[in-house]
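Participant: Predicted model and sequence below, questions to follow.
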Amino acid sequence: MKRLDLQSNLAMTVTITGFSMFFATLMMGYAIYRSSSTFWPPMGFSKVSLTIPSISTFLILLSSWFCYQIKGNVKAHDFKKARLNLNLTLVLGFSFMVAQSFFWSELKASGLYVDSGIFASILYAYTWIHAAHVLAGILSLVYLSIMLKPSDDRMLIKAVNVEKFWHFLGAVWLMMFLTLFVY
Amino acid sequence: MSGGFNEIHPEPTTFISKYIISFDHKVIAKQFLWYGILFLGIGGIMALLIRWTLAYPGVPFPILGPLLFPDSAGVVPPDTYAMLFTMHGTIMIFYAITPILIGAFGNYCIPLMIGARDMAFPMLNMLSFWFAAASALVVLISLCTPLGSAAGGWTSYPTLSTMIGSPGSGQTLWCLAIFLLGISSTMGAVNYVTTVITLRAPGMGYFDMPLTVWGLWLTAILNAIFVPVLGAGVMLLMMDRVMGTTFFLAGASATAGTGDPVLFQHVFWIFGHPEVYILILPAWGIVSDLLSFFSRKPAFGAKATALSMTAVSILSTLVYGHHMFTTQMSPLLTQSFMTLTMTISIPSAIFFANWLGTIWKGSIRFDSPMLFSLGVVFVFGLGGLTGLHLGTVTTDLYLHDTYFVVGHFHYTMAASVLLGGYAGIYFWFPKMFGRMMNETLAKIHFWGTMIPLNGIFFGMLMVGYGGMHRRIYNPFVYESLQRLIPINMMITWSAILMGAFQIIFVWNFLMSLKKGPKASNNPWEVGTLEWTIPSPPVHHNYDVIPVVKCGPHEFGNPNLKNGRDFQYQTEELVRG
């Protein structure tokens, strides 16, 4: 059993390494656009409001905190609490997606469309790509929710792997929030 | 951690579960092999169309020409020529070499050579193949779109690959196909890395692994790290084409804060240079093993070879800038990249010397796998040496984008990998299918490949040095290049000859599948684990997980008393 857990753990680590390279490439692109531009945002554009991105950040970080609890609950065989934390993570994950859709509507309302140049390209494309991954994260949480039963002796590694992926998505968002919106 | 794999998915009972959605690594390996051979044929025909156009511009391509290009009376039209060189490169790299070297050999060899019953994640393995199949379907569909397939070169540099340079859906489908293939490769990489780390047989340390496994493992690590980089690049390119973003558009088409076409080149080569090693590491590993097996000598400096391959893998991540010397890069950067590139020569020279040390004074058996392996040593030597000219800034400025580059990367990525692939196929065919291939036909195939192959690629080096640029439909509109027509004709006839000799391989492969003599468990008299079990292996590979007691290259031990000149890895090392 230990070997199977090690396999799952390793596989998730390699997978997250791949995803990290994917997002690192996107961020490298952003760094180059930004550093080679005389003004940022480019002339004719202004910084986007921080309100909704801040709410998104709060939601996804809070969801990570609840997600972090699941592992401990499974270890302690407290499956009632584990399910509660899992459901809270799911609700917050959905709320993050809703907040993001409000963010895109706000961008559109302010006249910033996806084809409005590199500034808009980055805002839209990067948040879309991240949201697509969050959707995959939500699916993995749903999978965990379906699988969550005391009789499964590999429950802990499943919870650990889904948690890792979810934290990774939170970390990517935090980096995007700080670099694309705050800085 | 090693310790073997005792669990196994149940044996399939239906045709679909056995041959279509199989979880068995051996079946998946064969699926990848057929897939790769099919695309090798398609890519090969494209190469002949390209070569014919360069030797006989304006002359209809014999036989197939009038069928393929009725509007131009059988002559390859200029826009089709651009699609041909783009898709030839794409297909050969991503759909022929990758599935054969990594998909087929990776799947077949890793579990068998480390003493496991299957990959760590059999279902992920099956999905990896079907993602690759979906990607192949998309690429084939792209050939049938109204404006034709991608035509911006296999590197797909913007602005050639944006909607301005390549209107129509061909290039978009190219991006989608590469993205899907990237998912497939990453799935494979996760599986290979995990399998090697966790499923080695008890007693098998990392340096007890055959060098083939080392090569495939390092390839998987590079794949996991760098394929997602290309994934990000083609994702953004696809968005530029479909959604109206402007990541790689500059100037009038993206006036409100411009994008950067050169950024794609950076992203492409951050992936692209490790990709060269992703493709060649399995071939290096296979050749390192086969040279020892057929010289009947331990691999000289096997540990150093494994570590050198590791060093090359690490260095390969730091040198991508040498592909971009002509993009107005700062001289400080070009010189740094040049120095790092030259550093790769050190580990490469170490394992190359080890190859020579392995065959030195060996009792060489010139069976077909050995002939192809020796072929790799020769062509990789030439490919490596010509790389020095291109890694040096001063000479690269002249040679950049000439046929010298085409000759160089064909020597390294095409010739070495193709010959390495053939060596592997001839070597593991008996284990895979339980029958022997015809040795005489194999030897004819070797010489019929090796001699024309050098005619093609050395010819390319010559015309490139003579100033002929790549990707030009008819270079001979430039008077200064007309003197190169005879060499181009020689290259083309070499290509036709080489193509013709591949028919012998296909014939031999197909006939041996049906009528080849039955193979014994160990026809090559080799000691690695896969040769301790029946040919072909049973569903679960090993009845009992083997315990490894010695290395994979124990040959010519004078203390051996049993009439054999080799030891199985499951045997205690005989000492005097």
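Facilitator: Yes, it's here. Numbers count the residues shown, from 1 in each chain, chains lettered A, B, ... in the order given.
Participant: Which residues of chain A lie near chain B?
Facilitator: A:3, A:6-7, A:10-11, A:14-15, A:17-19, A:21-23, A:25-26, A:28-29, A:32-33, A:36-37, A:41-45, A:113-121, A:124-125, A:129 (Cβ under 8 Å from any Cβ of the partner chain). All C-beta atoms are positioned from the backbone trio N, CA, C, and that covers glycine.
Participant: Neighbour count says what about the residues you listed? Which are buried?
Facilitator: Among those, the ones that count as buried by 16 or more other Cβ atoms under 10 Å in any protein chain shown are A:3, A:6-7, A:10-11, A:14-15, A:17-19, A:21-23, A:25-26, A:28-29, A:33, A:37, A:41-42, A:45, A:114, A:116-121, A:124-125, A:129.
Participant: Looking at the residues you listed, which are in helices?
Facilitator: The subset of those located in helices under the criterion DSSP state H comprises A:3, A:6-7, A:10-11, A:14-15, A:17-19, A:21-23, A:25-26, A:28-29, A:33, A:118-121, A:124-125, A:129.
Participant: my read: B:Lys297 touches B:Trp355, true?
Facilitator: No - applying Cβ atoms under 8 Å as the test, B:Lys297 and B:Trp355 come out as separate, 11.6 Å apart.
Participant: which one of the two has more residues nearby?
Facilitator: Looking at B:Lys297 and B:Trp355 with other Cβ atoms under 10 Å in any protein chain shown, you find the greater number of neighbours at B:Trp355, namely 25 against 21.
Participant: so what's whatever residue of the stretch 451-576 of chain B ends up closest to chain A scoring on pLDDT?
Facilitator: Taking Cβ to the nearest Cβ as the measure, the point where the stretch 451-576 of chain B comes nearest chain A is B:Ile545, at 12.2 Å. What the model reports for B:Ile545 is a pLDDT of 95.
Participant: so how far is B:His322 from it?
Facilitator: In this structure, B:Ile545 lies at 45 Å from B:His322, with Cβ to Cβ, to the nearest Å as the measure.
Participant: what helix or strand does the closest residue to B:His88 other than its chain neighbours sit in?
Facilitator: Once flanking residues are discounted, B:His88 sits nearest to B:Met46: 4.1 Å by Cβ to Cβ, 6 or more residues apart in numbering or on different chains. Taking DSSP states H and E as the criterion, B:Met46 maps to helix B:25-55.
Participant: Show residues contacting whichever helix or strand comes after that helix.
Facilitator: Remark: after helix B:25-55, the chain's next helix or strand is helix B:64-68, criterion DSSP H and E. Contacts of helix B:64-68 from elsewhere in the structure, counted by Cβ atoms under 8 Å, 6 or more residues apart in numbering or on different chains, are B:45, B:49, B:60-61, B:73-76.
Participant: Selecting buried members of the residues you listed in ChimeraX, what would you type?
Facilitator: Selecting only the buried members of the contacts of helix B:64-68 in ChimeraX, with burial defined as 16+ other Cβ under 10 Å, works like this:
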select /B:49,60,61,74,75,76
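Participant: pLDDT weak spots in the chain?
Facilitator: Picking chain A for this. For chain A, residues meeting the criterion pLDDT under 70 lie at A:1.
Participant: that's the wrong chain, I wanted chain B
Facilitator: By pLDDT under 70, the weakly predicted segments of chain B are B:1-7, B:251-257.
Participant: A:Ser8 and A:Gln69, how far apart?
Facilitator: For A:Ser8, the distance to A:Gln69 (Cβ to Cβ) stands at 20 Å.
Participant: How about residue 168: what's its closest non-neighbour residue?
Facilitator: With no chain named, the answer covers chain A. Counting by Cβ to Cβ, 6+ apart, A:Ile16 is the residue found nearest to A:Phe168 once chain neighbours are left out, at 5.3 Å.
Participant: Correction: the question concerned chain B.
Facilitator: The spatial neighbour of B:Gly168 that comes closest, neighbours along the chain excluded (Cβ to Cβ, 6+ apart), is B:Leu147 at 2.9 Å.
Participant: Mind telling me what element that neighbour is part of?
Facilitator: When elements are defined using DSSP H and E, B:Leu147 is found to belong to no helix and no strand.
Participant: That one: how many residues sit nearby?
Facilitator: By the other Cβ under 10 Å criterion, the neighbourhood of B:Leu147 contains 13 residues.
Participant: near chain A, anything from stretch B:268-278?
Facilitator: Yes - among the residues of stretch B:268-278, B:Ile270 lie within reach of chain A under Cβ under 8 Å from any Cβ.
Participant: if we can go back for a sec, quick one, which of B:Ile545 and B:His322 is more surrounded?
Facilitator: Between B:Ile545 and B:His322, counted using other Cβ under 10 Å, B:His322 has the larger neighbour count: 22 against 17.
Participant: Quick check: the more buried one touching B:Gly391?
Facilitator: Yes - distance between B:His322 and B:Gly391: 5.1 Å, which falls inside the contact criterion (Cβ under 8 Å).
Participant: follow-up on the earlier one: can you report how many residues lie near the residue nearest to A:Phe168?
Facilitator: 16.
Participant: What's the separation between it and B:Ile178?
Facilitator: In this structure, A:Ile16 and B:Ile178 are 22 Å apart, going by Cβ to Cβ.
Participant: what touches both of B:His322 and B:Gly391?
Facilitator: B:338, B:341.
Participant: any idea which element B:Val193 lies in?
Facilitator: Assignment of secondary structure by DSSP H and E places B:Val193 within helix B:170-198.
Participant: ok and that helix relative to helix B:25-55, angle-wise?
Facilitator: Helix B:170-198 and helix B:25-55 are oriented at 140 degrees to each other (axes from the mean of the first three to the mean of the last three Cα atoms, to 10 degrees).
Participant: Find the nearest non-adjacent residue to B:Val267, please.
Facilitator: For B:Val267, ignoring the flanking residues on the chain, the nearest one in space by Cβ to Cβ, 6+ apart is B:Gly233 at 3.8 Å.
Participant: wait, doesn't the one you found sit right on B:Phe271?
Facilitator: Yes - counting by Cβ under 8 Å, B:Phe271 is a contact partner of B:Gly233 at 7.1 Å.
Participant: ok, the two, which is more surrounded?
Facilitator: When neighbours are counted by other Cβ under 10 Å, B:Gly233 comes out ahead of the other of B:Gly233 and B:Phe271, with 32 against 26.
Participant: Residue 29: what's it in contact with?
Facilitator: If you meant another chain, say so; for now it's chain A. Each residue near A:Gly29 by Cβ under 8 Å, 6+ apart is listed here: B:232, B:236, B:247, B:263, B:267.
Participant: not quite, I wanted chain B
Facilitator: B:Ala29 sits in contact with B:103-108, B:432, where contact means Cβ under 8 Å, 6+ apart.
Participant: what about 10 Å?
Facilitator: Taking Cβ atoms under 10 Å, 6 or more residues apart in numbering or on different chains as the contact definition, B:Ala29 lies against B:99-100, B:103-112, B:125, B:129, B:428, B:432.
Participant: host element of the residue nearest the centre of chain A?
Facilitator: Geometric centre of chain A, nearest residue: A:Leu169, 2.8 Å, by Cα atoms, centre = their mean. Counting by DSSP H and E, the secondary-structure element that holds A:Leu169 is helix A:155-176.
Participant: Extract the C-alpha trace of that helix and format it as CSV.
Facilitator: The C-alpha atoms that make up helix A:155-176 are tabulated as CSV, following Å, rounded to 0.1, in the frame of the first residue of the first chain:
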residue,chain,number,x,y,z
MET,A,155,-8.5,7.9,1.0
LEU,A,156,-5.7,9.9,2.6
ILE,A,157,-3.4,10.0,-0.5
LYS,A,158,-6.4,10.9,-2.7
ALA,A,159,-7.2,13.8,-0.3
VAL,A,160,-3.5,14.8,-0.2
ASN,A,161,-3.2,14.9,-4.0
VAL,A,162,-6.4,16.8,-4.6
GLU,A,163,-5.3,19.3,-1.9
LYS,A,164,-1.9,19.8,-3.5
PHE,A,165,-3.5,20.6,-6.9
TRP,A,166,-6.0,23.0,-5.3
HIS,A,167,-3.3,24.8,-3.3
PHE,A,168,-1.3,25.0,-6.5
LEU,A,169,-4.2,26.8,-8.3
GLY,A,170,-4.5,29.2,-5.3
ALA,A,171,-0.8,29.9,-5.5
VAL,A,172,-0.9,30.6,-9.2
TRP,A,173,-3.9,33.0,-8.7
LEU,A,174,-2.1,34.8,-5.9
MET,A,175,0.9,35.3,-8.1
MET,A,176,-1.3,36.5,-10.9
